[in-house]
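Trainee: okay, structure incoming, though there's no sequence with it:
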Ligand SMILES: C=C(C(=O)O)c1ccccc1
C-alpha cells in the first residue's frame, strides 16, 4: 500500500514522493520575466515530489494578469533557467503550467490593446489584475472577448507546442497543460463559454476537440511522458459553467487514456473552495472519471487537489485512489511541507494578504523547521 513519502514515476518524470506543489499564481515576475526571487521561492520548495509552477502564458495573447511569468520572450527562458537550475541542484523536479487565459484578460495586457480571444464572444465577468496608468497593480473588469475565427485555432494549438518546447529548452522536466479553472482550454470544453456552431462547438466530442488537439501537439513536440494536464470538472472559477460535467469528463478521460500522458491533475469541487461544489443537481463522481481513464488504458499518475491535508492525503494515496496530492496554500506557507508532514510537525499559516504581487514578504520569508529550532 503506497504512502505519500514513496517515490514514483509519472510518465517519464521520476518523483521522490507524492506531495505535489500545486500551480500558484503569485504575480511576482514583472514584464513576464522570471527573476532571482522566483528562483529562491521555488528552490526553497524543491523537496516536493514535483513542483508545478504558476501558470505561464504561451504568448502575450495568452496573458491575463500582470506580472505573471511567460514562455514567449527569450529573456523569460533565461529567467526560467535560473529556476530550473536551482531546483535541480536541490534534487527537485519541476514542470511549468502552460497557460492561455482566453477570455480572462484585459485589453491593456493584449497585443496592440486588442480584445482577448475565446471560443465565443461571451465575457468572463469578474476581475483580473493589471498595472494601471500610474504603474500600480490594480484589479480591473475583464475585457469583452472576441470569438476566434476557425482559421486561428490551429495557430493557437501550435503556440502551445512552441510553449512546450520552450519549457524544455528552459530546463523543465515537463509541462502541465492548464485545462482548468475557466481558461481557454476549459472555455472550449464547457457549454457556458463555448457556443460555437463549427467542429469545435456543440457536442461533447466537438467541445473536447481543442483540448485533444493541444494534447497531441505538445506530445508530438516533447513526448507525452513529459506532459501532464490539469482539469477542473465542476469549478465555477472565472464564471465557467457546464450542463453535463460527468458525461463531458468521462468522455475526456476516455480519450486521454490512449495518449500516454505523465499525469492527470484533478481539482475536486470549486478551486480553492467547497470540495462538494457541483454544476447542476448531481454530485460529480471523480472515481467514475478516473475509472474511465484507466479503462481506456490511461497509466499516468492521478493527482488530486483542493482542500487536502496530511491525513486525507495519506488516505487518498494509501487507498490507491490517488497517486499524488497537490497542495497550494500549504506550500505557500511551508517551504518544507514534506519534512513537516514526515515529522507531523506544526504548519505555518498562509497570509492571504501577500498571495498576489509584492516581493519577499509572504513569498520567500516563510520559515522552514530548522530555522525555528
Ligand atoms: C492561474 C490561476 C488559476 O488556475 O486559477 C490563477 C490566476 C490568478 C489568481 C489565482 C489563480
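Mentor: Okay, I see it. This is a predicted model, so every value here is computed, not measured.
Trainee: same question for stretch 155-165, mean pLDDT?
Mentor: Over the span of stretch 155-165, the pLDDT mean works out to 98.
Trainee: check stretch 74-92 too.
Mentor: The average of the pLDDT scores along stretch 74-92 is 98.
Trainee: which of the residues in that stretch are buried?
Mentor: By neighbour count, and taking 16 or more other CB atoms under 10 Å as the criterion, the buried residues in stretch 74-92 are 76, 77, 79, 80, 81, 82, 83, 84, 86, 87, 88, 92. Placement of C-beta: from N, CA and C, glycine included.
Trainee: I'd like the residues you listed as TSV, with distance to the ligand and secondary structure appended.
Mentor: Below are the buried residues of stretch 74-92 laid out as TSV (distance: CB to the nearest ligand atom, whole Å; DSSP: H, G, I helix; E, B strand; the rest coil):
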residue	distance to the ligand	secondary structure
76	17	helix
77	20	helix
79	18	helix
80	17	helix
81	22	helix
82	21	helix
83	17	helix
84	20	helix
86	22	helix
87	20	helix
88	24	helix
92	21	coil
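Trainee: who touches residue 225 in this structure?
Mentor: For residue 225, the contacting residues are 11, 12, 13, 174, 260, 261, 262, by CB atoms under 8 Å, 6 or more residues apart in numbering.
Trainee: swap in 10 Å and give it another go.
Mentor: Under the criterion of CB atoms under 10 Å, 6 or more residues apart in numbering, the contact list for residue 225 reads 9, 10, 11, 12, 13, 174, 219, 260, 261, 262, 299, 300.
Trainee: residue 236 now?
Mentor: By CB under 10 Å, 6+ apart, the contact list for residue 236 reads 181, 182, 192, 242, 269, 270, 271, 273, 274, 277, 278, 279.
Trainee: relative to the ligand, how far out is the second one?
Mentor: Read that as residue 182. Taken as CB to the nearest ligand atom, to the nearest Å, the spacing of residue 182 relative to the ligand amounts to 8 Å.
Trainee: quick one: whichever strand in the chain runs longest to chain centroid distance?
Mentor: When every strand of the chain is counted residue by residue (DSSP state E), the longest turns out to be strand 50-57. The offset between the C-alpha centroid of strand 50-57 and the centroid of the whole chain comes to 6 Å, using CA atoms, centre = their mean, to the nearest Å.
Trainee: 16 is where my numbering starts, stick with that
Mentor: OK, 16 is where the count begins now, so the last one is strand 65-72.
Trainee: out of the contacts of residue 240, which sit inside helices?
Mentor: residue 234 (DSSP state H).
Trainee: of the contacts of residue 240, which belong to strands?
Mentor: With strands taken from DSSP E, the overlap with these comprises 24, 25, 28, 189.
Trainee: the second one reaches residue 244, doesn't it?
Mentor: No - applying CB atoms under 10 Å, one finds residue 25 not in contact with residue 244, separated by 11.5 Å.
Trainee: what about the helices in the stretch 166-315 of the chain?
Mentor: With helices called from DSSP state H, counting those that start in this stretch, the stretch 166-315 of the chain shows them at 199-204, 219-237, 260-271, 301-310.
Trainee: dump those to JSON lines, plus distance to the ligand and mean pLDDT.
Mentor: JSON lines is the format used below for those (distance: least, CB to the nearest ligand atom, whole Å; pLDDT from 0 to 100):
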{"stretch": "helix 199-204", "distance to the ligand": "9", "mean pLDDT": "99"}
{"stretch": "helix 219-237", "distance to the ligand": "16", "mean pLDDT": "99"}
{"stretch": "helix 260-271", "distance to the ligand": "17", "mean pLDDT": "98"}
{"stretch": "helix 301-310", "distance to the ligand": "18", "mean pLDDT": "98"}
